[in-house]
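Student: here is the input, now give the coordinates:
(one chain, ligands or ions: 2)
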Amino acid sequence: MAALKHIVGSVAVITIRNPPVNALSPQVQVSLMEVLKDVTLDPSVKAIVLCGENGKFSGGADIRTFSKTDPKTDIKRMSLDDVNSVAERSRKPVVAAVEGVALGGGLELALACHYRIAHVKARVGLTEVLLGLLPGAGGTQRLPRLIGVPAALDMITTGKIVPAPVAVKLGIVDSVTEGSAVEEAIHLAQKVVGQPLESRRICSKPIQCPPNVDSLLNDAKVKLKKQFRGAESHQVCVEAIRAAVQLPFAEGIVKERELFLSLFNSDQAKACQYAFFAERSVAKWTTPSGANWKSASPQTIRTAAVIGLGTMGQGIAVSLAKAQIQVIAVEQDEQQLEKGSKAVTAILERETLKKQQFELAHKSDSFGSVTFTLDFNALKNADLVIEAVYENMALKKEIFQRLSSICKPGAFLCTNTSGLDIDEIASVTDRPHLVIGTHFFSPAHLMKLLEVVRGYHSSSTIISTVMNLSKVLNKVGVVVDNCPLFVGNRLLLPYINQAVFLLEDGRTPEEVDQVLEEFGYAMGPFRMSDLAGLDIGWRSRMEFGLTGPKLLPGAPVRQREGKRYSPLPDILCEEGRFGQKSGKGWYQYETVGGRNAARDPWVHNFLHEYRRAHAIKQKNVSQGEILEWCLYPLINEGFKVLEDGIASGPEDIDVIYNNGYGWPRHKGGPMFYASMIGLPRVLVKLEEFYKNNPDIPSLKPSNLLKALVKQGSPPLKEWRSQLGYPNSRL
Ligand SMILES: CCCCCCCCCCCCCC(=O)CC(=O)SCCNC(=O)CCNC(=O)[C@H](O)C(C)(C)COP(=O)(O)OP(=O)(O)OC[C@H]1O[C@@H](n2cnc3c(N)ncnc32)[C@H](O)[C@@H]1OP(=O)(O)O
Ligand SMILES: NC(=O)C1=CN([C@@H]2O[C@H](COP(=O)(O)OP(=O)(O)OC[C@H]3O[C@@H](n4cnc5c(N)ncnc54)[C@H](O)[C@@H]3O)[C@@H](O)[C@H]2O)C=CC1
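Tutor: Ligands and ions are numbered 1, 2, ... in the order given. Reported below is the predicted structural model:
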């Protein structure tokens, strides 16, 4: 871990070395400072080039050191900001050679240099906001001075990472090269020796403000509040930029530091940083037999097929095409094929436009082609098939039997089922070891999560191939075991049920959604159900015999096998209210497929009549209780999933929730959230709920939760060891 120096002519090249991403740990910062001072004083050195080892400039400050830092005492120590000041004040030109990434503190360091040359494939961004922080080493003061307030506001408050060609257009870097950025930087450094540097120091630049800058900042806060509900860092970033607008540079830096410290060590920052590392940890999957990336080589997927072009199939086809995979899309009849192909083509056109705008017409790889057909024989050369037909076991088995006879030996067969038994589907094929669940989330071309559901026979090659595919599709893959509803939906079920029980007890969809949205969810349970389609759950309940033709005659309306059951969602579906896709569900929409949920008097009247018909007494429930009533059973199910060995650890559950279910990232995930509020609190409330509602089994506290509380609630990272491995199926 160091900053190394070598001299090329009169240019000192300082290389940051801290694999794997050249993070700016405190040691690297100290070393950088020493070398910078050294070369500044060396009379033989006329100019300086700053670069990173192994083609990466820097991934920013070392996030792992944050939890070990006490701002009260460490503030007195040297910080990256001091390094940046020394570089910027240097009387010798300092050129940053940006290769790979310059993110967070890495870009802040580059901004303190007098010139920036980037490799064409490099990417830059101030990503701190995603870690619950703000760019605390001058980024909020320098970037607006360099590229203007609106563009800086966008980058800093969203953590957007931009490719070098965009960075040059924005003015973040001076030029882009297809060759070696370091060579180019050395060349430039030699050329500018002796030239005046004042105009190259961003700290000296006046800030260009649009006339309406105050309303620009205020509007941004309102927009960010809606987009990142309850998250502090986005709001605080705006205040830091306001300081850049209102104060001279030096005072702005002081304000930036004050704001940075208000976020540093906050629970939200801890949650975001936990989420960052949790994602990296689940990517390193391993099976009980010890298979992992090292032992199982992923196969390259060049041609993939999608069966069923409904809500999910459309998004999956787009996702594959965006990753330059050739797609064959199959439907059951002409009408559905036409509908599906129109939808896929329209999404691809929108995505192409977005890509072109983002990359500013810089040459980029085009999307893979999509061929639409009714002919299953077209699948014979596909490397991998993803089935996304209706949630019906008989239909899925029929399809997999056909695939078995049509697809080439070695082709991988995947199902997008939301929760049906992977092993039962695999059992009808000639290759159960090449069958797996690939559970995408709606809209599949946008949502990051891919729940990879391993069947009993799934080989390590198929796990490895699909996990690799998740990376290729720019998604976060999480390997889980096969059980009804898998992990995500298994936790979702008690959450949705609890929300529906609240409607029986007198609350409205709007009231319940509001509480969960204020908590930070992108959408409350009812708006989310309308978006996903109420018929999905309905079909699944019919499959399980909870409603519809398979329901045993004489079953009480509000009970199934002695447990509380609400038929409200079934009745809505029987009324043709499937959510957005039918223009009405728990809410009404402006049109079929509309997105704007509005209060529906029909629903309110229907709920009123239902309560009256079943003589249900209204209960007074506070907002806090609504939250605990909905969230704690979800968390409890998470503990049960761990007990059953369906997920490897709490991180897996949290990554699933952060990336697939709109859980607020600044709350880390349900299991992290439980650890933050305290396991005893969760246990006590569950015990109370269960005592008062013994007919709701999901309220019965899990044994693991009880055991952890008994052991004094150890930190989350120790839960895995408490589990032991006898139960673990992963
Ligand atoms: C400090 C004093 C306190 C008080 C004083 C206050 C005064 C103010 C001082 C100024 C503070 C400066 C603030 C600042 O600079 C803040 C930051 O810079 S925060 C960091 C911002 N950086 C990022 O957000 C980048 C995060 N990383 C990534 O996005 C990706 O990792 C990356 C694109 C770089 C590479 O992606 P990929 O190739 O896919 O690899 P992986 O993601 O798997 O990563 C590989 C490996 O590296 C680890 N890692 C990545 N980045 C960091 C990092 N910044 N710090 C530590 N470790 C990092 C990652 O976890 C992987 O390791 P695993 O072991 O596999 O987990
Ligand atoms: N909608 C959602 O949010 C999610 C759904 N899923 C799962 O994905 C699968 C598909 O769901 P949706 O896309 O929502 O359903 P959908 O009803 O929108 O689409 C299903 C499509 O499959 C087609 N199809 C039916 N039989 C076929 C056959 N024999 N051959 C070819 N095509 C056929 C239909 O014509 C229809 O276009 C289901 O298993 C569902 O549980 C998984 C995750 C989320």
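
Student: after whichever strand or helix holds Ala250, which helix or strand is next?
Tutor: If you go by DSSP states H and E, Ala250 is part of helix 249-263. Counting by DSSP H and E, the next helix or strand C-terminal to helix 249-263 is helix 267-282.

Student: in that following helix, what's buried?
Tutor: 267-276, 278-279, 282 (16 or more other C-beta atoms under 10 Å). Heads up, the C-betas are built off the backbone N, CA and C, glycines and all.

Student: can you give me every residue that contacts Asp430?
Tutor: Shown in contact with Asp430 (C-beta atoms under 8 Å, 6 or more residues apart in numbering): 404-405.

Student: and what of the one 5 residues further on?
Tutor: Val435 is in contact with 400, 412-415, 422, 425-426, 429, 455, 457-458, 462, counting by C-beta under 8 Å, 6+ apart.

Student: which parts of stretch 335-347 are buried?
Tutor: Here stretch 335-347 shows 337, 340-341, 343-344, 347 as buried, counting by 16+ other C-beta under 10 Å.

Student: which residues of the protein lie near ligand 2?
Tutor: Contacts of the chain with ligand 2, taken as C-beta under 6 Å from any ligand atom, map to 307-313, 330-332, 336, 340, 388-391, 395, 399, 416-418, 439-442, 532-533, 536.

Student: please indicate which of these are buried?
Tutor: By 16+ other C-beta under 10 Å, the residues of the chain next to ligand 2 give 307-313, 330-332, 340, 388-389, 391, 399, 416-418, 439-442, 532-533, 536 as buried.

Student: so which of the residues you listed are in helices?
Tutor: 311-313, 340, 399, 532, 536 (DSSP state H).

Student: so which of the contacts of Val435 is the most crowded?
Tutor: Tallying neighbours with other C-beta atoms under 10 Å puts Cys414 at the head of these, with 29 neighbours.

Student: before we move on, the earlier item: closest to ligand 2 out of the contacts of Val435?
Tutor: Ligand 2 lies nearest to Thr415 out of these, by C-beta to the nearest ligand atom, at 7.3 Å.

Student: out of the buried residues of helix 267-282, the closest to Phe57 would be?
Tutor: Phe276 (19.2 Å; C-beta to C-beta).

Student: how far away is the closest one from Val655?
Tutor: Going from Phe276 to Val655 by C-beta to C-beta, to the nearest Å gives 10 Å.

Student: hang on, the earlier thing: show me what the helix holding Ala250 is packed against.
Tutor: helix 139-147, helix 232-246 (3 or more C-beta pairs under 8 Å, 6 or more residues apart in numbering; DSSP states H and E).

Student: chain neighbours aside, what residue packs nearest to whatever residue of the stretch 501-650 of the chain ends up closest to ligand 1?
Tutor: In the stretch 501-650 of the chain, the residue that lies nearest ligand 1 is Gly649 (14.3 Å; C-beta to the nearest ligand atom). In this structure, Gly649 finds its nearest non-sequential neighbour in Arg720, 4.6 Å apart by C-beta to C-beta, 6 or more residues apart in numbering.

Student: ramachandran coordinates for Gln580?
Tutor: The phi/psi pair for Gln580 (degrees, to the nearest 10) reads phi -60, psi -40.

Student: same check, this time on Lys563
Tutor: Backbone torsions of Lys563, given as degrees, to the nearest 10, read phi -100, psi 150.

Student: what about the helices in the stretch 351-500 of the chain?
Tutor: 393-406, 422-426, 460-472, 488-504 (DSSP state H, counting those that start in this stretch).

Student: for those, which one sits closest to Ala112?
Tutor: Among the helices of the stretch 351-500 of the chain, helix 460-472 comes nearest to Ala112, with 33.2 Å by C-beta to C-beta.

Student: contacting residues around the residue of the stretch 251-400 of the chain found nearest ligand 1?
Tutor: When scored by C-beta to the nearest ligand atom, the stretch 251-400 of the chain has Arg280 as its residue closest to ligand 1, at 3.7 Å. Applying C-beta under 8 Å, 6+ apart to Arg280 gives no contacts.

Student: just curious, which of the contacts of Val435 is nearest to ligand 1?
Tutor: Nearest member of the contacts of Val435 to ligand 1, counting by C-beta to the nearest ligand atom, is Ile462, at 22.6 Å.

Student: which non-adjacent residue is nearest Pro715?
Tutor: Ser675 (6.7 Å).

Student: buried residues in the helix holding Ala250?
Tutor: 249, 252-253, 255-257, 259-260, 263.

Student: filter these by proximity to ligand 1?
Tutor: On the criterion C-beta under 6 Å from any ligand atom, 257, 260 are the entries of the buried residues of helix 249-263 that sit beside ligand 1.
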